[in-house]
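[1] what's the 3D shape of this:
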Amino acid sequence: MKRERELRELLVEVDENRRRLMGAYFTGIGLTVGQGQPRILNTLLDREGITQRELADACRFDVTTISRTLNHLEKAGFIRRESDPQSRRCYLIVLTEKGRETAEKVRLGFARMEEILSAGMEPEEKKTLKRELEKLLDNLRNVDAVMNQEE
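    Numbers count the residues shown, from 1 in each chain. Sure, this is the predicted structure:
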C-alpha cells in the first residue's frame, strides 16, 4: 500500500519542479539563477526609480545580497543607477531598455507558471488553495521556538 505523502514532502517537490522549470526559462532569457534577478526585474517594472533599500524591502532581500545582484544586473546592462535628487548618498535603480524587455519576459514567465500551477483547478479550488497556503505562511511566520530545541 502506498504511503500518504506528508505535506512537507509535497511542498518540497512542488518547489523543486517550479524552480527547475523557472530556472531553465530564466537562464534562456539571460539571467543568472539563484540571485533573485527575476524578482528584482519584475519589481522594477512596477516601481522603477526606487532606492536600493526600497528595492531590498520590496523583494525581501537583505541590502548586501541585493547590492551584489544589482552589480551583476548593471554589468549585464539590465539596470543603471541614477543619482537620487533627494539624497546625495543614495541612487535610484532604473531599468535600461534591455532590462525592461527582459523584465517583461520575466513577467510572462511568472504568468505562465501561474497557469501551469493552477491548471485543472476551478476558480473556487484556486481560492481555497491560496487561503490554505496563507495559513501555512502564517504558521511559519508565527513560530517562536527553534525547531531543533530538545523537547
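
[2] okay, Met1: pLDDT?
    pLDDT recorded at Met1 is 70.

[3] ok, it to Leu10 distance?
    18 Å (CB to CB, to the nearest Å). All C-beta spots, glycine's among them, are computed from the backbone N, C-alpha and C.

[4] Glu97 too?
    Taking CB to CB, one finds Glu97 at 41 Å from Leu10.

[5] Same question for Leu92.
    Distance of Leu92 to Leu10, computed by CB to CB: 42 Å.

[6] and what of Arg53?
    Distance from Arg53 to Leu10, by CB to CB: 36 Å.

[7] Equivalent analysis for Ile40, please.
    Distance from Ile40 to Leu10, by CB to CB: 29 Å.

[8] So which of the two has more stuff around it?
    Using other CB atoms under 10 Å, the more surrounded residue of Ile40 and Leu10 is Ile40, with 28 against 10.

[9] what helices or strands is the helix or strand of the chain with the lowest mean pLDDT leaning on?
    None of the helices or strands of the chain scores lower by mean pLDDT, DSSP states H and E than strand 87-95, at a mean of 88. Counting contacts by 3 or more CB pairs under 8 Å, 6 or more residues apart in numbering; DSSP states H and E, strand 87-95 is packed against helix 37-47, strand 50-51, helix 52-59, strand 79-84.

[10] One more pass at 10 Å, please.
    Packing partners of strand 87-95 (3 or more CB pairs under 10 Å, 6 or more residues apart in numbering; DSSP states H and E): helix 37-47, strand 50-51, helix 52-59, helix 63-75, strand 79-84, helix 97-117.

[11] Other residues contacting the third one?
    Put plainly, it is helix 52-59. Around helix 52-59, the neighbours that count as contacts under CB atoms under 10 Å, 6 or more residues apart in numbering are 36, 39-40, 42-44, 46-48, 50-51, 61-67, 69-70, 79, 81, 84, 90-93.

[12] filter those to the buried ones?
    With burial judged by 16 or more other CB atoms under 10 Å, the buried subset of the contacts of helix 52-59 is 36, 39-40, 42-44, 48, 50-51, 61, 66, 69-70, 79, 84, 92-93.

[13] Point to the residue nearest the middle of this structure.
    Arg39 (4.0 Å; CA atoms, centre = their mean).
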